[in-house]
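Chemist: Okay, structure incoming, though there's no sequence with it:
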């Protein structure tokens, strides 16, 4: 964000990054929307996105540990979550300035299984998590904002219009909720100390 020289879809003359007006993928443009070079910023942004995406792998694999009584749901969450990770890697490597419409297609391809995994995980958490079910309700709120953002994004994509900054606002809220959800789940899924003289495998605390 610090390296991005400036420009949004609605104000090409904007200076610097605008948190509520720049999409995350804007940061990956080699030439910013304002017309200035963004070579270093694009590489740093791509690396940052790839780190975040890589973090989804252990997240989706570990998440079902919070609802162990629903094995089928847990298996579906893992499968759909990992499928969305593959799509997100494609999103990171195909910014819209180079890939054009393929970028939007990759976003949708990644979002659909990701939201399905989130919905199943939320159902599992709300059904089995002890009160106050913080992880479950955080995931549910994320799902709501994510669904609204995806609906607007697809609508604008199909109509070939830039849309409104509301799409960016919803995107940023969803990203913040996603990070909060990952932290909440990570705090609850933690390995216990090894037990016994032979050192049994660590278990997950829920």
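Modeler: Now that the structure is in, tell me what you want to look at. Quick caveat, the model's predicted, so the values are computed rather than measured.
Chemist: pretty sure residue 73 contacts residue 64?
Modeler: Yes. Using C-beta atoms under 8 Å, residue 73 and residue 64 qualify as a contacting pair, with a distance of 7.1 Å. In short, each C-beta sits where N, CA and C put it, glycine included.
Chemist: which residues do those two both contact?
Modeler: With C-beta atoms under 8 Å, 6 or more residues apart in numbering applied, the overlap between the contact sets of residue 73 and residue 64 consists of 121, 124.
Chemist: ok so residue 172 is a helix residue?
Modeler: Yes. Using DSSP: H, G, I helix; E, B strand; the rest coil, the assignment for residue 172 is a helix.
Chemist: returning to that earlier point: among residue 73 and residue 64, which residue is more densely surrounded?
Modeler: Each of residue 73 and residue 64 had its neighbours counted (other C-beta atoms under 10 Å), and the higher figure belongs to residue 64 (22 against 17).
Chemist: Now the phi/psi pair for the more buried one, please.
Modeler: Taking degrees, to the nearest 10, you get phi -60, psi -10 for the backbone angles of residue 64.
Chemist: And the one 3 residues further on, by the same measure?
Modeler: The phi and psi values for residue 67, taken as degrees, to the nearest 10, are phi -140, psi 70.
Chemist: where does it land on pLDDT?
Modeler: As predicted, residue 67 sits at a pLDDT of 92.
Chemist: same question, residue 188
Modeler: pLDDT, the model's per-residue confidence, is 86 for residue 188.
Chemist: Quick check: it vs residue 68, distance?
Modeler: Distance, residue 188 to residue 68, using C-beta to C-beta, to the nearest Å: 13 Å.
Chemist: helices and strands around the lengthiest helix in the chain, which ones?
Modeler: Taking residue count as the measure and DSSP state H as the definition, the longest helix of the chain comes out as helix 101-128. Applying 3 or more C-beta pairs under 8 Å, 6 or more residues apart in numbering; DSSP states H and E, one finds that helix 101-128 makes contact with helix 71-93, helix 96-99, helix 134-159.
Chemist: do you know which of those lies nearest residue 46?
Modeler: With respect to residue 46, and counting by C-beta to C-beta, the nearest of these is helix 71-93 at 5.8 Å.
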